[in-house]
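Trainee: quick one, fold the following:
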Amino acid sequence: MNFTEAKATFIQRWGELGTKWGINRTMGQIHGLLLISAKPHCADEIMQLLDISRGNVCMNLKSLVEWGLVYKKCKDGCRKEYYVAEKDMYQVFRQIVIQRRKEELEPLLLMMENYSDIEENCTESSEFCKVVGDIKYFSRKADATLDSLLKTKPDWFVGSFLKMLR
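Mentor: Numbers count the residues shown, from 1 in each chain. Here you go, the predicted model:
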């Protein structure tokens, strides 16, 4: 496989993977392009390279910046905004975890608080309270685990992760 084919395949597959960690395919493709690029790109270049509309590029770049996966970069003497991806894979992983936690786990924890004072006066309400209690317990444990993970140093995390894979 030559470089051009490899680059196109990587961008396509990164877009597909992105849907698994909570972003749309186009956002993943833009991230993939910026991730493997040696230089920053402006929206016009991204539009041309990926053959997508200006609105789609702008909307997805804004989201990638909000996720902390892409940063704006200024070029001297140029009014256009250029974008560069975070290249530290630990930071990329960390930002994805932070966003997934914010979008999925935090709303679940908040929702579970609504069911804290249900009266257990029959078999069905007891079962409901048991299941809600289990969800709250495991959600809190997951939240605490993610909190600990996000506080770890990259070297420790990578070392521990590689030991698990052996």
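Trainee: drop to CA atoms for contacts and neighbour counts, all remaining ones
Mentor: Will do.
Trainee: any stretches of the protein with poor pLDDT?
Mentor: Applying pLDDT under 70 to the chain picks out residues 156-166.
Trainee: quick one: the strands in this protein?
Mentor: Under the criterion DSSP state E, the chain carries strands at the ranges 41-42, 70-73, 82-85.
Trainee: ranking the ones you listed by burial, who's on top?
Mentor: Greatest average neighbour count among those goes to strand 82-85 (a mean of 22), per mean count of other Cα atoms under 10 Å.
Trainee: pull the residues that contact that strand.
Mentor: Strand 82-85 has contacts (Cα atoms under 8 Å, 6 or more residues apart in numbering) with 31, 34-35, 39-43, 69-75.
Trainee: could you check how far that strand is from the centre of its chain?
Mentor: Put simply, strand 82-85 sits 17 Å off its chain's centre (Cα atoms, centre = their mean, to the nearest Å).
Trainee: likewise for stretch 31-51?
Mentor: Mean-position distance between stretch 31-51 and its chain equals 19 Å (Cα atoms, centre = their mean).
Trainee: can you pull the contacts of residue 97?
Mentor: residue 146 are the contacts of residue 97 under Cα under 8 Å, 6+ apart.
Trainee: now it: how far from residue 51?
Mentor: 29 Å (Cα to Cα, to the nearest Å).
Trainee: could you do residue 144 as well?
Mentor: Per Cα to Cα, residue 144 is found 42 Å from residue 51.
Trainee: quick one on the thing from earlier: okay, the strands of the chain in TSV with distance to residue 132 next?
Mentor: Shown next, in TSV, are the strands of the chain (distance: least, Cα to Cα, whole Å):
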stretch	distance to residue 132
strand 41-42	48
strand 70-73	38
strand 82-85	40
